[in-house]
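Trainee: generate coordinates for the sequence data below:
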Amino acid sequence: MDKVRIDKWLWAARFYKTRSLATEEIQKGRISINDQVVKPARDVKVGDLVSIRREGLTRSIEVLGVSEVRGPAPQAQLLYVETPESLKAKEVHSLQRRFAREPALSIENGRPTKRDRRDIEQAGHAWDDRWSASL
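Mentor: Numbers count the residues shown, from 1 in each chain. Okay, here's the model as predicted:
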């Protein structure tokens, strides 16, 4: 066996939990082989460069082996190697996420209470106006 469908390979290499999830991601155009967007039935072979876009990060994977069966994780990790550029981008992305500000911290007071809403209306602000937590 020197070729296998890309959806089966992604499942066997443990990038996705099910084949149907892998197929959905391929159909959304998030998977490419050798810089070409593919369909789920496209064959992948040893030496191909697979790009996977997930959560704002593009991972570049070189195929070292093919398998149609999902085995244990250590065996699945032998099917591919991540490129050095991809590893650097992954590290930079993780640092950015770690030091990024928590979005929930930008809300100072949260949603107004019934009393706050009445005070806002009495102050002359119509409730139809766009309300912001920073007011």
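
Trainee: so where's this structure shaky on pLDDT?
Mentor: 104-108, 125-135 (pLDDT under 70).

Trainee: which stretches in it count as strands?
Mentor: Taking DSSP state E as the criterion, the chain carries its strands at 3-5, 31-33, 36-37, 43-45, 49-54, 57-63, 80-82.

Trainee: let's have those in a markdown table, adding distance to E102 and mean neighbour count.
Mentor: From N, CA and C alone the C-beta is placed, and that goes for glycine too. Below are the strands of the chain laid out as a markdown table (distance: least, Cβ to Cβ, whole Å; neighbours: other Cβ atoms under 10 Å):
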| stretch | distance to E102 | mean neighbour count |
| --- | --- | --- |
| strand 3-5 | 41 | 18 |
| strand 31-33 | 31 | 22 |
| strand 36-37 | 35 | 10 |
| strand 43-45 | 39 | 17 |
| strand 49-54 | 22 | 16 |
| strand 57-63 | 20 | 17 |
| strand 80-82 | 29 | 15 |
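
Trainee: got the ones you listed as a markdown table, with distance to A12 columns?
Mentor: Below are the strands of the chain laid out as a markdown table (distance: least, Cβ to Cβ, whole Å):
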| stretch | distance to A12 |
| --- | --- |
| strand 3-5 | 8 |
| strand 31-33 | 14 |
| strand 36-37 | 21 |
| strand 43-45 | 10 |
| strand 49-54 | 13 |
| strand 57-63 | 11 |
| strand 80-82 | 10 |
